[in-house]
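J.: sequence plus the predicted model coming up.
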Amino acid sequence: MTTTQQPPYPPTGPPHGHDHGSGDDHGSGHDHGARDDGGHGSGAAGGNGSGGSGGHGHSHSHGPAAPVSRHLRKVIAAILIPFTVAVVVGMVVLWPGGAPSHKRTGVGFDRQTQQATVTKVVSVSCASVNASGGGSTGDTSTAEGSSAAQEAAGTCKKATVTVSTGKDKGRTFTEIVQPDQSRQLHQGEKVVVAYEPSAPRDLQYSVTDVNRKFPMALLAGIFALAVVVVGRLRGVMALIALAISFMILNFFILPAILHGSNPLIVAVVGSSAIMLIALYMCHGLSARTSVAVLGTLMSLVLIGVLGSVFIGWAALTGNTDDNTGLIHGLYPSIDMSGLLLAGVIIGSLGVLDDVTVTQTSAVWELHEANPSMGWRGLYRAGIRIGRDHIASVVNTLVLAYAGAALPLLLLFSIAQSSVGAVANSELVAEEIVRTLVGSIGLVASVPVTTALAALVVSADRPGREAVPAGMAGSAGAAGAATSAAGSAGSAMTSTAAPSAKPAAARGGKGRRRKH
């Protein structure tokens with residue numbers, strides 16, 4: 001049994017005589033070639049066996065050889081290795097060593113919180129508790145616009161809350177819940193309470209939110225289970241890469257920005273680290289993944305340039321709501337417009353990975369199906385796949401941003417503002433620039449990555465570098481089989497005429513199996 005692979009072109013050397021015996025006892029030798037240049041299965045004699053060639057060879061492929069030569073892999077490495085080293089150096093130089101400390105303001109998220117439990121809830125007259133001022137309303141105060149008459153006529157709830165964590169563990173306080181509040185407290189409910197040490201003792205604690213750790217953890221567990229069940233090992237690696245991405249975001253990107261480092265530089269370095277780790281962990285260290293990395297990197301550069309130009313041109317400050325205002329108040333040195341650009345880059349990275357990996361894999365599969373296709377043909381076929389991907393991905397990105405800004409859009413709708421007025425407001429303009437810049441980068445990543453993959457996969461083939469003696473091609477096999485058949489026929493005529501019929505039968509059987 002001879003195991004060979006079909007070369008991408010007819011071999012120059014003479015075919016070997018052992019390539020599919022004629023009509024002797026070895027006439028059933030198999031040639032386990034993969035496929036010919038056109039992607040079609042080929043057998044021992046390339047499907048052209050004649051006379052007593054008799055070999056009923058068939059194809060058994062163990063996967064195509066890597067279509068990228070060692071030389072081209074060195075070229076890719078020469079680009080990516082310095083880039084990887086630069087990312088590592090950047091992380092070392094910018095490493096913050098933790099978020100800087102500051103004095104808490106007690107506003108928004110910048111306040112001390114503890115866990116607590118609602119131990120008792122009773123109904124009381126709103127007139128009595130509001131007139132006496134009994135209990136703290138904290139963040140659960142009456143919604144703006146409700147009248148005192150409505151409060152007096154309603155029935156409020158008086159909740160007793162017990163602190164579960166911190167130095168005041170076991171301490172109880174009273175919370176008054178108005179009837180028209182969106183969040184109603186229930187006995188046994190786990191809540192989050194804010195602590196203000198400078199306030200009077202009766203007002204130091206107030207309920208700010210519900211403790212939803214368990215449902216969130218359960219949902220995360222279901223997600224992880226679904227990823228592992230469907231993705232198996234790839235799913236496990238994807239979850240590990242996701243965890244590392246959160247670690248980079250939490251321990252590098254955010255603290256570095258708080259320490260005053262340029263948000264754009266921090267975002268580029270951090271996003272590059274996330275990209276390298278996620279892609280190589282999920283898809284393996286290969287030329288295919290490296291092409292996806294290059295395509296993602298080029299698209300990120302385009303997004304960064306466009307974002308910088310249009311954020312400056314549109315005079316977007318990045319300071320548009322209470323949260324960004326609080327950040328600017330606590331850390332005035334942070335460049336808020338740079339923070340906005342950093343958010344655009346990081347937000348586009350995840351979808352970019354999906355597009356570039358899909359396009360690279362599509363081109364690789366097209367090449368394996370038809371190795372004779374040149375880079376132009378691969379590009380045209382790949383870009384047809386990419387057009388479908390563009391439509392779905394851009395729609396996904398736009399709807400994701402629109403969904404996040406839905407309450408804001410509702411406010412503009414209530415105010416009956418024109419489309420132009422809504423788009424011109426900085427709140428909406430930020431989302432428009434974020435969406436359009438990210439979408440342009442996504443659209444550009446398709447032709448860029450497809451062209452890179454087509455050039456790399458068709459640049460050279462390992463078969464051209466060396467054709468071993470045992471790698472006789474299908475074109476030479478037919479001639480070899482014909483010559484072997486003639487020689488075998490002469491030998492059988494002169495020595496063993498009775499064996500001619502069995503040999504011919506074996507040859508005919510081989511041809512029938514070939515077709």
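T.: Looks like it came in fine.
J.: got the buried residues for whichever strand in the chain runs longest?
T.: Assignment by DSSP state E gives strand 112-125 as the longest strand of the chain. Residues of strand 112-125 classed as buried by neighbour count (16 or more other CB atoms under 10 Å): 114, 116-118, 121. To be clear about C-beta, it is placed using only N, CA and C from the backbone, and glycine gets the same treatment.
J.: now do stretch 181-197
T.: Going by 16+ other CB under 10 Å, stretch 181-197 has these buried residues: 181, 185, 189, 191, 193-195.
J.: show me the shaky parts of this protein.
T.: 1-69, 99-110, 130-153, 460-515 (pLDDT under 70).
J.: all the strands of it, in order from the start?
T.: Using DSSP E, the strands of the chain run over residues 112-125, 155-163, 172-177, 190-195, 205-210.
J.: make JSON lines from those and add distance to Asp353 to it.
T.: As requested, these are arranged in JSON lines below (distance: least, CB to CB, whole Å):
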{"stretch": "strand 112-125", "distance to Asp353": "35"}
{"stretch": "strand 155-163", "distance to Asp353": "44"}
{"stretch": "strand 172-177", "distance to Asp353": "46"}
{"stretch": "strand 190-195", "distance to Asp353": "35"}
{"stretch": "strand 205-210", "distance to Asp353": "33"}
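J.: of all those, which one is nearest Ala78?
T.: For Ala78, the closest of those is strand 112-125, at 51.4 Å, according to CB to CB.
J.: parallel or antiparallel, list what pairs with the closest one.
T.: Neighbouring strands of strand 112-125 in its sheet, by DSSP bridges, are strand 155-163 (antiparallel), strand 190-195 (antiparallel).
J.: TSV for the ones you listed, including distance to Val88?
T.: Shown next, in TSV, are these (distance: least, CB to CB, whole Å):
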stretch	distance to Val88
strand 155-163	45
strand 190-195	39
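J.: so which of those strands is nearest Leu80?
T.: Closest to Leu80 of these, according to CB to CB: strand 190-195, at 45.4 Å.
J.: and the closest residue to Val266 other than its chain neighbours, how many residues sit next to it?
T.: Excluding the flanking residues, the one nearest Val266 by CB to CB, 6 or more residues apart in numbering is Ala256, at 4.6 Å. Using other CB atoms under 10 Å, Ala256 has 24 other residues around it.
J.: just the one 4 residues further on next, same as before
T.: Residue crowding around Gly260 was assessed by other CB under 10 Å; the count is 14.
J.: who are the neighbours in contact with it?
T.: Gly260 sits next to 331, 333-334 when contact means CB atoms under 8 Å, 6 or more residues apart in numbering.
J.: turn the residues you listed into JSON lines, including neighbour count.
T.: Output for those, formatted as JSON lines (neighbours: other CB atoms under 10 Å):
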{"residue": "Tyr331", "neighbour count": "15"}
{"residue": "Ser333", "neighbour count": "9"}
{"residue": "Ile334", "neighbour count": "20"}
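J.: adding distance to Leu411, write these out as TSV.
T.: Below are the contacts of Gly260 laid out as TSV (distance: CB to CB, whole Å):
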residue	distance to Leu411
Tyr331	28
Ser333	32
Ile334	27
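J.: any idea which of the residues you listed is closest to Trp375?
T.: Nearest to Trp375 among the contacts of Gly260: Ile334, at 46.1 Å, using CB to CB.
J.: so that closest one touches Pro263, yeah?
T.: Yes. Contact criterion CB atoms under 8 Å: Ile334 and Pro263 qualify, at 7.2 Å.
J.: name the residues contacting each of the two.
T.: Ile257.
J.: touching the longest strand of the chain from outside, list them.
T.: Contacting residues not belonging to strand 112-125 are listed as 104, 155-166, 168, 172, 185-197, 205, 207-208, 211 [CB under 8 Å, 6+ apart].
J.: now swap in stretch 229-240 and tell me
T.: In contact with stretch 229-240 (CB under 8 Å, 6+ apart) are residues 224, 227-228, 278, 281-282.
J.: what subset of those is buried?
T.: Counted by 16+ other CB under 10 Å, the contacts of stretch 229-240 give 227, 278, 281-282 as buried.
J.: related to what we said a few turns ago, which one of the strands paired with strand 112-125 lies closest to Ile414?
T.: Among the strands paired with strand 112-125, strand 155-163 sits nearest to Ile414 (CB to CB), with 28.7 Å.
J.: and the helices in the stretch 251-400 of the chain?
T.: Ranges of helices within the stretch 251-400 of the chain are 254-258, 263-283, 287-313, 322-330, 336-369, 375-404, based on DSSP state H, counting those that start in this stretch.
J.: those: which one's closest to Val437?
T.: helix 287-313 (4.7 Å).
J.: list the helices and strands the closest one packs on?
T.: helix 70-94, helix 263-283, helix 336-369, helix 426-459 (3 or more CB pairs under 8 Å, 6 or more residues apart in numbering; DSSP states H and E).
J.: want to throw those helices into CSV with distance to Ile327?
T.: Shown next, in CSV, are the helices and strands packed on helix 287-313 (distance: least, CB to CB, whole Å):
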stretch, distance to Ile327
helix 70-94, 19
helix 263-283, 11
helix 336-369, 8
helix 426-459, 15
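J.: and Ala381, which of the ones you listed is closest to it?
T.: With CB to CB, the closest approach to Ala381 among the helices and strands packed on helix 287-313 belongs to helix 336-369: 5.2 Å.
J.: buried sites along that closest one?
T.: 336-349, 351-364, 366-368.
J.: what of stretch 208-221?
T.: So for stretch 208-221, counting by 16+ other CB under 10 Å, buried means 208, 211.
J.: just the residues contacting that stretch, thanks.
T.: Contacts with stretch 208-221, where a contact means CB under 8 Å, 6+ apart, come from 113, 115, 138-139, 183, 189-194.
J.: columns distance to Glu431 on top of these, output as a markdown table?
T.: Converted to a markdown table, the contacts of stretch 208-221 look like this (distance: CB to CB, whole Å):
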| residue | distance to Glu431 |
| --- | --- |
| Thr113 | 30 |
| Gln115 | 35 |
| Gly138 | 32 |
| Asp139 | 27 |
| Arg183 | 28 |
| Glu189 | 35 |
| Lys190 | 34 |
| Val191 | 32 |
| Val192 | 29 |
| Val193 | 33 |
| Ala194 | 30 |
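J.: quick check, nearest of those residues to Ala315?
T.: Asp139 (34.3 Å).
J.: measure the residue nearest to Val266 to Leu340 for me?
T.: Note on Ala256: its distance to Leu340, by CB to CB, to the nearest Å, is 16 Å.
J.: ok, now which ones touch the nearest residue to Leu349 once chain neighbours are set aside?
T.: Setting aside the residues directly before and after it, Leu349 is nearest to Ser271 in space (CB to CB, 6+ apart), at 5.0 Å. Shown in contact with Ser271 (CB under 8 Å, 6+ apart): 300, 345-346, 349.
J.: and the furthest pair within the residues you listed?
T.: Top of the distance list for the contacts of Ser271 (CB to CB): Leu300 and Ile346, 9.9 Å.
J.: tilt between the helix of greatest length in the chain and helix 336-369?
T.: Counting by DSSP state H, the longest helix found in the chain is helix 213-248. On the basis of axes from the mean of the first three to the mean of the last three CA atoms, to 10 degrees, helix 213-248 is oriented at 90 degrees to helix 336-369.
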